[in-house]
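K.L.:
Turn this into a model:
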Amino acid sequence: MVEKYSIRTDLALEQKERFEADNVEISGVVLEENYDEEREIKITTVKIETENGAKTMGKPVGTYITIEAPNMA
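P.N.:
Sure thing, here's the model as predicted:
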């Protein structure tokens, strides 16, 4: 299944957080966060939906998923 997707290590989440720190909303970019308290897993999805959003974020249009699981090790 992984073969269908391009996996990258440059985090769109980091770019989005930089703009949020300055209270800037980016048109064409949607951020969704989900936290599973029981498993202590946080999943953040950044959807770059427009060319304007892609230009602002410096990343291609697409969906970027960050999974944070401190207890995974």
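
K.L.:
so where is the chain shaky, pLDDT-wise?
P.N.:
Scanning the chain with the threshold set as pLDDT under 70 gives 1-24, 73.

K.L.:
how about the strands in it?
P.N.:
29-36, 41-48, 62-68 (DSSP state E).

K.L.:
out of those strands, which comes closest to residue 56?
P.N.:
Nearest of the strands of the chain to residue 56, taken as Cβ to Cβ: strand 29-36 at 7.2 Å. The way it works is simple: take the backbone N, C-alpha and C, and place the C-beta from them, glycine included.

K.L.:
so what does that closest one touch, helix or strand wise?
P.N.:
helix 12-21, strand 41-48, helix 51-57 (3 or more Cβ pairs under 8 Å, 6 or more residues apart in numbering; DSSP states H and E).

K.L.:
buried ones in the second one?
P.N.:
This means strand 41-48. Using 16 or more other Cβ atoms under 10 Å as the test for burial, strand 41-48 gives 44, 45, 46, 47, 48.

K.L.:
beta partners for the third one?
P.N.:
Which is residue 46. residue 31, residue 64 (DSSP bridges).
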